[in-house]
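*Asks:* Based on what follows, work out the 3D shape:
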Amino acid sequence: MASEHLSKQYDNDLETLRSGVLQMGGLVEAQIRGAIEAFSTGNQAAMEQVIANEPGVNGHEVKIDIDCSHIIAKRQPAAGDLRLIMAISKTVTDLERIGDEAEKIARMSKQIHERGRVELQHFANIRHAADIALSMLRQALDAFARLDAAAAAGVIREDRAIDTEFRSILRQLITFMMEDPRTISTALEIVWIAKAIERIGDHAKNIAEYVIYIVKGTDVRHTKLEQVEREALG
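*Replies:* Residues are numbered from 1 along each chain as shown. Got it, this is the predicted structure:
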């Protein structure tokens, strides 16, 4: 994929696709940061901004998918180029779903803070889980930009950490609800936020798997981590 094609325009079209993915990824990262900041601070303007930005994320997905279809119809790509285009189409779907999760966090945060004061120091590990998810997404996008299969395998390995964080948050919230039943509504909404963060990690993992597919030509979905690492590093 590093080699140039006879048509310079073809190279430009592929580069435009790649750049579009990274631009969409940057927007989605900003959405997550904004949503978590809104949860942590109760900043209503931040919540509304995340919600308002969601159609823009969707617009990126639609445009990139249309561009992929045009390239397939016009260029009839093969081998590595076809893998790249297929992986890009799947990647933008995952990015759009990450955007949905960010919007969900903003909406849940709005409900929580409208209900009244929340002792958010009890939920500091929500922020820690979000930091892991953001790091996974950033690393997955960087692996995509550099077509680095080894870095992508590292993202997949990190998915275990976010799953562990989610289970810890769930145990904490169950304890919190048992100690004070008045907190049940808020705690359940925070469970939804924690689940959204876990899903963001899942989508980042998916993107990393697509990178390995682009580079190695192997579909590593539903594959044990050890086998994924052997494939990525081999």
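*Asks:* what's the spacing between residue 140 and residue 207?
*Replies:* Distance, residue 140 to residue 207, by Cβ to Cβ, to the nearest Å: 4 Å. For glycine as for every other residue, the C-beta is placed from the backbone atoms N, C-alpha and C.
*Asks:* where do the contact lists of those two overlap?
*Replies:* Counting by Cβ atoms under 8 Å, 6 or more residues apart in numbering, the common neighbours of residue 140 and residue 207 are residue 155.
*Asks:* In space, what's closest to residue 111 - neighbours in sequence excluded?
*Replies:* The shortest distance from residue 111 to any non-neighbouring residue, by Cβ to Cβ, 6 or more residues apart in numbering, is to residue 189 (5.9 Å).
*Asks:* So the one you found sits against residue 113, correct?
*Replies:* No - counting by Cβ atoms under 8 Å, residue 189 does not reach residue 113; the two are 10.3 Å apart.
*Asks:* can you count the residues close to the residue lying closest to residue 161 once chain neighbours are set aside?
*Replies:* Nearest residue to residue 161 in three dimensions, chain neighbours excluded: residue 132, at 5.6 Å (Cβ to Cβ, 6+ apart). Residues lying near residue 132 (other Cβ atoms under 10 Å) number 22.
*Asks:* Following the one helix or strand residue 132 maps to in sequence, what is the next regular element?
*Replies:* Using DSSP states H and E, residue 132 sits in helix 124-146. Counting by DSSP H and E, the element after helix 124-146 in chain order, helix or strand, is helix 149-179.
*Asks:* Which elements pack onto that following helix?
*Replies:* Where contact means 3 or more Cβ pairs under 8 Å, 6 or more residues apart in numbering; DSSP states H and E, helix 149-179 is packed against helix 124-146, helix 184-216, helix 225-233.
*Asks:* and of those, who's closest to residue 108?
*Replies:* Counting by Cβ to Cβ, residue 108 lies closest to helix 184-216 out of the helices and strands packed on helix 149-179; the figure is 4.8 Å.
*Asks:* Could I get the buried residue list for that closest one?
*Replies:* 186-187, 189-216 (16 or more other Cβ atoms under 10 Å).
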